[in-house]
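Chemist: Task: produce atomic coordinates for the following.
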Amino acid sequence: MIKKLLTSAVLGTALLGAQSALAADYTLRFGHLANEQNIWHQAAEKFKEEVEANSDGRIEVRLYPSEQLGSEMDVINSIQLGTADMTITGESLQNWAPKAAMMAVPYAFRDSDHLHAAVNGDIGSEIEEQIIERTNLVPLAWFERGARELTSNRPIRTPDDLDGLRLRVPNVPLFVDVWQALGARPTPMAFSEVFTALQQNTLEGQENPLSLIESASFNEVQDYVNMTGHVRSWIYVVIGRNQLEKMPEELQDVVREAAQTMQSFESELFDEDQTRLEQELKDRGMEFIDVDVDAFAEKARPAVLDALTPEQRELFDAIQDL
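Modeler: I've put the predicted structure just below:
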């Protein structure tokens, strides 16, 4: 009899536990492109932890890294259709909200502090408002991205040093136009082909954030990291507006507060990672070159301005005035 009672008690506890695990009133499906080692995914895990703890289990967050729910654009479309809820996205949003193009315009920002001042101020609010209005996505937090830097086998300190450098760029017309204006010979090429092209001297340089320079082992085929910092950008963590607003106010607050905690957490990881990446590349033999950034920015500006719409030009000018 006692054994039966104990068995019943254990089963009862297990059933209560199972019911508790299924008791979430809301489920947020959060898909993104980063792998599980990436600091963006670590930040997403922090968000999940905060939301589930502070909502007393009323909200469950399910994470889908490594494009498990599809590409960035796939997940955006799924959020708009209601079959996903959250993602991490950047300048792709300019397909709907033209002001989001500022998230990848060369030499829009002088340095990291300038970027922070813009994103945290009225300019960031203006961009976010257009994103919400045009996409029905609500930015909850933002992460700074590593600046794009130029690698080469000779030091580049001024635009004159480019002197026809054969340079791989992504297939982005603005990037091609800017590097042409600076004096390089830009060639759009798939990222997967870049290492071999550098190895065979078909290309002489490429430009990417330090994280990609490290992970692609470009130190094996390039000697210098020239600190051009030509694109400083950020990326948003967004949630579907319909998904957010169907929650009661107190749970919306939980989500927003967890997002701010996630943003602070990611910012610390980002700063640590940038320091680590620079040291790692130096340890692998790469030399870091200080560049006349003002000279690069000045020479690039006509090409940048030509590519902007009047609306984007107004925003670009406002950023420069900060």
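
Chemist: buried residues in stretch 58-67?
Modeler: With burial defined by 16 or more other CB atoms under 10 Å, the residues of stretch 58-67 counted as buried are 58, 59, 60, 61, 63, 64, 65. (Each C-beta comes from the backbone N, C-alpha and C, glycine too.)

Chemist: in the protein, which spans are helices?
Modeler: 2-21, 39-54, 72-81, 112-119, 122-135, 173-182, 194-199, 210-215, 241-245, 249-283, 293-307, 310-320 (DSSP state H).

Chemist: which stretches of the protein have low pLDDT?
Modeler: 1-22 (pLDDT under 70).

Chemist: Can you tell me who the spatially most central residue of it pairs with across the strands?
Modeler: The centroid of the chain falls nearest to residue 235 when counting by CA atoms, centre = their mean (3.8 Å). Per DSSP bridges, the residues bridged to residue 235 are residue 143.

Chemist: Go ahead and confirm it touches residue 92.
Modeler: No. Residue 235 is beyond contact range of residue 92, at 9.6 Å (criterion: CB atoms under 8 Å).

Chemist: check contacts around the closest residue to residue 182 other than its chain neighbours.
Modeler: Excluding the flanking residues, the one nearest residue 182 by CB to CB, 6 or more residues apart in numbering is residue 159, at 4.9 Å. Listed by CB atoms under 8 Å, 6 or more residues apart in numbering, the contact partners of residue 159 are 182, 183, 295, 296, 299.

Chemist: Buried only: go through those for me.
Modeler: For the contacts of residue 159, buried by 16+ other CB under 10 Å: 182, 296, 299.

Chemist: Next, format these as JSON lines and append distance to residue 69.
Modeler: Below are those laid out as JSON lines (distance: CB to CB, whole Å):
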{"residue": "182", "distance to residue 69": "38"}
{"residue": "296", "distance to residue 69": "38"}
{"residue": "299", "distance to residue 69": "42"}
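
Chemist: I'd guessed residue 217 sits against residue 199; true?
Modeler: No. Using CB under 8 Å, residue 217 is not in contact with residue 199, being 10.6 Å away.

Chemist: From residue 93, how far out is residue 130?
Modeler: 9 Å (CB to CB, to the nearest Å).

Chemist: where do the contact lists of these two overlap?
Modeler: Joint contacts of residue 130 and residue 93 (CB under 8 Å, 6+ apart) are residue 100.

Chemist: Pick out whichever of those two has more residues nearby.
Modeler: Taking neighbours as other CB atoms under 10 Å, residue 130 and residue 93 compare with residue 93 leading, 25 against 19.

Chemist: Test my guess that that one contacts residue 135.
Modeler: Yes. Counting by CB under 8 Å, residue 135 is a contact partner of residue 93 at 6.2 Å.

Chemist: ok so, going back, need the helices of the chain in TSV (columns: distance to residue 98).
Modeler: Shown next, in TSV, are these (distance: least, CB to CB, whole Å):
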stretch	distance to residue 98
helix 2-21	44
helix 39-54	25
helix 72-81	16
helix 112-119	17
helix 122-135	8
helix 173-182	13
helix 194-199	30
helix 210-215	27
helix 241-245	19
helix 249-283	25
helix 293-307	12
helix 310-320	6
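
Chemist: Residue 151: which of those is closest?
Modeler: helix 210-215 (6.0 Å; CB to CB).

Chemist: Show me what counts as buried in the closest one.
Modeler: For helix 210-215, by 16+ other CB under 10 Å, it's 210, 211, 212, 213, 214.

Chemist: Could you do stretch 287-297 as well?
Modeler: For stretch 287-297, by 16+ other CB under 10 Å, it's 289, 291, 296, 297.

Chemist: Then stretch 39-57?
Modeler: 39-41, 43-48, 50-52, 54-55.

Chemist: Show me the common contact partners of residue 93 and residue 135, please.
Modeler: Joint contacts of residue 93 and residue 135 (CB under 8 Å, 6+ apart) are residue 76.
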